[in-house]
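**Q** Fold the following and give me the result.
(one chain, ligands or ions: 1)
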Amino acid sequence: MSMKYQNHIHGEWVDALSGETFENRNPANWNEVVGTFPDSAKPDVEAAVKSAREAFDKWRLTPAPARGDILRRVGDIMAERKEEIAKNMTREMGKVLDETRGDVQEGIDTAYYAATEGRRMFGHTVPSELPNKFNMSIRLPIGVAGIITPWNFPMAIPTWKIFPALVCGNCVVFKPASDTPLTAATFVEILLEAGVPPKVLNLVHGGGNGVGIPLVTHPDVNLISFTGSTGVGKSISKSASETLKRVSLELGGKNAQIVMDDGDLDLALEGVLWGAFGTTGQRCTATSRLILHEKIHDQFMGMLVSAAQKLKLGDGLKPESQVGPLINEDQQKTVQEYVEIGKSEGAKLVTGGNVYSEGDCAKGWFHEPTIFSEVTPEMRIAKEEIFGPVLSVLRVGSYEEAVKVLNNSPYGLSSSIYTNDVNRGFQAMRDIEAGITYINGPTIGAEAHMPFGGVKETGNGHREGGWEVYEFYTETKTVFVDYSGKLQRAQIDNY
Ligand code: UN1
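**A** Got it, this is the predicted structure:
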């Protein structure tokens, strides 16, 4: 049954002012409408920002530990509803149930971490250079946070942004991806049920032009956190600079796994299958390049191709499915285009390459796990983010060449090396240009309490997750308390 959902603005559930709507469909079965959502525009965004701005005065004065307590309850409710949320997430975006459960769990972990951060939010106390004077820095909320999230982690990524924003005392206008509005609606419902004051949290459904741009350019929005493509990230950065907003960008990747000749090949095989074809390759951390030492290249390719051919495609709600559909028809077309590009560049298609439409899969946007070998570093399939189940394999002769090939990328999010040489492992930690490096693990597997983000065109230097994200959502105020009872001139009276 398809339901009709609304925006949450100024403490009320409302339609878009224009009355327009859009449909959310199941990528495993395009005939199934999951729900109907408001297709919002600038006036809706303006109302949401106004609400957040008004709510800020009170929310900023709520003690941070009390804000944290609300997030702990959010975590509890998410844990109770985990199975239901995961099933609905699979219906709206396709990844298999184990993965959508993991996505919800990442949100729960982030909630409990954020809850305790309400009791930290450390500042510094530092000696003054003058007598009878006290120096410290304190952390203050900033104001209204505009949160723009993608469809591939419809729960985890909104939690990475919204929990720290709230616990730090900011109010939120949330624009979720229009491919996954249902998980977003459930998430907002849970936050409200747990006790987030209604006007503090505003949800505006819709597209980038209708909602994203008005949010990014709104003078009363103080910060923007965005996860998505590098192209969109650059244009957000440009537009947001007009109003000097603080912007955190989490963008594309072309992540590589290196397998050295001394690596454990069985382990590396499990890693690359999970890294490349988990979430149907639709993660910013997905393994889209495999860099093989020439000594193990042929043996490993044999193992990889036969294992990839055994992967079971299907509706993510079925327990036997290992690889779900792509998110939509456009993404299926993009993947097909890259298969053609790979062929025309002279790479060797060793398995896959086609849309998959056996049985029930004909109703969705499935694509075979696809592997190209004999890929060279200058080919487009070695450089561009595809966001699908396509793996490009490159052959190298040494560790130095492996790192050079890995670093030959405009992106730098995640990376991995399989080696049993401890010295190599430590060299790789130092030499690989990426925000995340796994030793003997695949490129995916971030944990909520560790910083997440990348270098080069993957972002603009901020991190999500862990302790670092809390810096982004607070302003530092430096405070001097002079209790000497007289004017003390720094740098002058003491020298
Ligand atoms: C993303 O790909 O957008 O490490 C986020 C991982 C996940 C998060 C990925 N826990 O793959």
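
**Q** And the nearest residue to I213 once chain neighbours are set aside, how far from L17?
**A** Nearest non-adjacent residue to I213, counting by Cβ to Cβ, 6 or more residues apart in numbering: S239, 6.9 Å away. Heads up, the C-betas are built off the backbone N, CA and C, glycines and all. According to Cβ to Cβ, to the nearest Å, S239 stands 23 Å off from L17.

**Q** out of everything not next to it in sequence, what's closest to the residue of the stretch 1-150 of the chain found nearest the ligand?
**A** Nearest residue of the stretch 1-150 of the chain to the ligand (Cβ to the nearest ligand atom) works out as E106 at 5.7 Å. Using Cβ to Cβ, 6+ apart and skipping residues adjacent in sequence, the residue nearest E106 is A156, 3.8 Å away.

**Q** coming back round to it: looks like the residue nearest to I213 contacts V216 (just checking).
**A** Yes - at 4.9 Å, S239 and V216 qualify as touching, with contact defined as Cβ atoms under 8 Å.

**Q** Who has more neighbours out of those two?
**A** Higher neighbour count among S239 and V216: V216, with 25 against 17, using other Cβ atoms under 10 Å.

**Q** Enumerate every residue touching the more buried one.
**A** Neighbour list for V216: G146, I148, I224, I236, S239, A240, K245 [criterion: Cβ atoms under 8 Å, 6 or more residues apart in numbering].

**Q** Out of those, list just those in strands.
**A** Using DSSP state E, G146, I148, I224 are the members of the contacts of V216 that sit in strands.

**Q** Just the buried ones from those, in PyMOL syntax?
**A** This is how PyMOL selects the buried members of the ones in strands among the contacts of V216, with burial counted by 16 or more other Cβ atoms under 10 Å:
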select buried, resi 146+148+224
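
**Q** would you turn the ones in strands among the contacts of V216 into a markdown table with distance to the ligand and pLDDT?
**A** Converted to a markdown table, the ones in strands among the contacts of V216 look like this (distance: Cβ to the nearest ligand atom, whole Å; pLDDT from 0 to 100):
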| residue | distance to the ligand | pLDDT |
| --- | --- | --- |
| G146 | 19 | 98 |
| I148 | 13 | 98 |
| I224 | 17 | 98 |
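
**Q** which non-adjacent residue is nearest whatever residue of the stretch 51-200 of the chain ends up closest to the ligand?
**A** Scanning the stretch 51-200 of the chain for the residue nearest the ligand gives F153, at 5.0 Å (criterion: Cβ to the nearest ligand atom). Excluding its sequence neighbours, the residue lying closest to F153 (Cβ to Cβ, 6+ apart) is D103, at 5.5 Å.

**Q** Can you give me every residue that contacts the one you found?
**A** D103 neighbours (Cβ under 8 Å, 6+ apart): A86, M89, K95, F153, P154, M155, A156.

**Q** Could you double-check that the residue of the stretch 1-150 of the chain closest to the ligand sits in contact with F163?
**A** No - look at E106 against F163 with Cβ under 8 Å: they stay out of range, at 11.3 Å.

**Q** So if I had to pick from those two, which one is more boxed in?
**A** F163 (28 against 20).

**Q** For the more buried one, give its distance to S51.
**A** 20 Å.

**Q** Just give me the neighbour total for the closest residue to Q491 other than its chain neighbours.
**A** In space, Q491 comes closest to E129 once its chain neighbours are excluded; the distance is 7.9 Å by Cβ to Cβ, 6+ apart. Counted with other Cβ under 10 Å, residues neighbouring E129 total 13.

**Q** Renumber starting at 52 from here on
**A** Yep, numbering from 52; the last one is E180 now.

**Q** Using the three-state scheme, assign E180.
**A** Assigned by DSSP: H, G, I helix; E, B strand; the rest coil, the conformation of E180 is coil.

**Q** and the residue of the stretch 252-401 of the chain found nearest the ligand, what element?
**A** Relative to the ligand, the nearest point of the stretch 252-401 of the chain is R334 (3.3 Å; Cβ to the nearest ligand atom). Of the helices and strands defined by DSSP states H and E, none includes R334.

**Q** Tell me which residues touch it, please.
**A** R334 neighbours (Cβ under 8 Å, 6+ apart): N203, F204, I495.

**Q** where along the stretch 152-301 of the chain do the strands fall?
**A** All strands of the stretch 152-301 of the chain, identified by DSSP state E, counting those that start in this stretch, fall at 175-178, 184-192, 195-199, 222-226, 252-254, 274-278, 297-301.

**Q** Show me what the fourth one packs onto, helices and strands only.
**A** In this case it means strand 222-226. helix 93-110, strand 195-199, helix 207-218, strand 252-254 (3 or more Cβ pairs under 8 Å, 6 or more residues apart in numbering; DSSP states H and E).

**Q** Quick one: closest of the ones you listed to T421.
**A** helix 207-218 (25.9 Å; Cβ to Cβ).

**Q** what comes up buried for that closest one?
**A** Here helix 207-218 shows A207, I208, P209, T210, W211, K212, I213, F214, P215, A216, L217, V218 as buried, counting by 16+ other Cβ under 10 Å.

**Q** cool, and stretch 488-506?
**A** T488, Y489, G492, P493, T494, I495, G496, A497, A499, F503, G504, G505.

**Q** Out of these, list just those in strands.
**A** Going by DSSP E, the strands hold T488, Y489 from those.

**Q** restrict the buried residues of stretch 488-506 to those near the ligand?
**A** I495, G496, A497 (Cβ under 6 Å from any ligand atom).

**Q** What residues does M54 make contact with?
**A** Here M54 is in contact with G86, T87 (Cβ under 8 Å, 6+ apart).

**Q** pLDDT score assigned to it?
**A** For M54, the pLDDT comes out at 94.

**Q** where's it relative to D154, distance?
**A** Distance from M54 to D154, by Cβ to Cβ: 21 Å.

**Q** In three-state terms, label the residue nearest to L181 when sequence neighbours are not counted for me.
**A** Once flanking residues are discounted, L181 sits nearest to Q539: 4.6 Å by Cβ to Cβ, 6+ apart. The local conformation at Q539, judged by three-state DSSP, is coil.

**Q** Can you report how many residues lie near Q539?
**A** Around Q539 there are 17 residues (other Cβ under 10 Å).

**Q** now swap in the one 3 residues further on and tell me
**A** When neighbours are defined as other Cβ under 10 Å, Q542 has 8 of them.

**Q** and it, helix, strand or coil?
**A** coil.

**Q** Model confidence for it, exactly?
**A** Predicted confidence (pLDDT) for Q542: 97.

**Q** Enumerate every residue touching the closest residue in space to L364 that isn't next to it in sequence.
**A** Leaving aside its chain neighbours, L364 sits nearest to V374 (4.9 Å; criterion: Cβ to Cβ, 6+ apart). Applying Cβ under 8 Å, 6+ apart to V374 gives the contacts V147, F328, T331, L362, K363, L364, G365, F417, P420, P440.

**Q** Would you mind giving both backbone torsions of V374?
**A** Taking degrees, to the nearest 10, you get phi -130, psi 120 for the backbone angles of V374.

**Q** again, but for E526
**A** According to degrees, to the nearest 10, E526 has phi -100, psi 140.

**Q** same deal with the one 3 residues further on?
**A** Recorded main-chain torsions at T529 are phi -90, psi 130, according to degrees, to the nearest 10.
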